[in-house]
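**Q** Next input, structure requested:
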Amino acid sequence: MFTSRYARTSSILGSFGRATARNYATVTELPRPPPPTEEPHVETFSAPSRPRLYYTRPPLKSDLPRIQKRWPFILAFATVGVSAWAAFLLFATNQEKLSSSVVKQILQMVRDNGELKDMLGDAIRPEPAWYLNGDPWINGSINLPQGNVDLSFRLKGHRGSGTLYFTSIRKAKGEPFTPLRFRVIGDDKRVVNIPLPQTSTSQQ
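**A** The predicted structure follows:
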């Protein structure tokens, strides 16, 4: 009994497997395309290709403000600052020479000289400069520690005007100053030499 059932089951499975194998073989088989009758087209070039842009450049935006250079303003500011500082130093140095004892002694001796009064007149005084707000400009230097005084400035009276020149040196420390030049040259080319005792300009 068991043998007949086994044989029947085997025959059923065998017939199912053959049917499955037959159906799989018929499904996977596809028709092959026909072989090409013409040769493929090959494109050739006679020269290398030129490079091309991959994208177009964006247009320039003309509404953006241009950055201005700052160095001209800095240079102008520095020039003005240096010029102002130099002018202040010159003004301070001139005021120092004007208020020195040497210039005061020179002016006192000039006012007391009779020959100079005949040339320039009375009320002899330093000629003011317009750029110094009425103060005179003193050329030269006063260096008492080094023993050297060399000055020149304008004088003015009610008759005329001229230029005063004064030079004095000290040969050694502790010795009196020795005047080398003390004269006034008028605008009319007249020259007045002012005598000066050595003891009157001695500075220790």
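**Q** contacting residues for Met119?
**A** Met119 makes contacts with Gly157, Arg159, Gly160, Gly162, Val184, Gly186, Arg190, Val192, as judged by CB atoms under 8 Å, 6 or more residues apart in numbering. Where C-beta positions appear, they are placed from N, C-alpha and C, glycine not excepted.
**Q** quick check, nearest of those to Pro31?
**A** Gly162 (132.7 Å; CB to CB).
**Q** To what extent is the nearest residue to Ile106 once chain neighbours are set aside buried, counted in neighbours?
**A** Nearest-residue entry for Ile106: Phe166, 5.7 Å, with adjacent residues in sequence omitted and distances by CB to CB, 6 or more residues apart in numbering. For Phe166, the neighbour count with other CB atoms under 10 Å is 25.
**Q** Check Val184 too.
**A** Per other CB under 10 Å, the neighbour tally for Val184 reads 23.
**Q** partners of it in the sheet?
**A** Leu164, Val192 (DSSP bridges).
**Q** close enough to count as contact, it and Val192?
**A** Yes. Between Val184 and Val192 there is a contact under CB atoms under 8 Å: 4.8 Å.
**Q** could you dump the contacts of Met119 to JSON lines with pLDDT?
**A** Output for these, formatted as JSON lines (pLDDT from 0 to 100):
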{"residue": "Gly157", "pLDDT": "90"}
{"residue": "Arg159", "pLDDT": "88"}
{"residue": "Gly160", "pLDDT": "90"}
{"residue": "Gly162", "pLDDT": "93"}
{"residue": "Val184", "pLDDT": "93"}
{"residue": "Gly186", "pLDDT": "91"}
{"residue": "Arg190", "pLDDT": "90"}
{"residue": "Val192", "pLDDT": "90"}
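**Q** how about the strands of the protein, start to end?
**A** Secondary structure of the chain (DSSP state E): strands at 125-126, 139-143, 148-156, 161-169, 178-186, 191-193.
**Q** distance of the spatially most central residue of the chain from Phe88?
**A** With distances taken as CA atoms, centre = their mean, Leu75 lies nearest the centre of the chain, 4.2 Å away. Per CB to CB, to the nearest Å, Leu75 is found 21 Å from Phe88.
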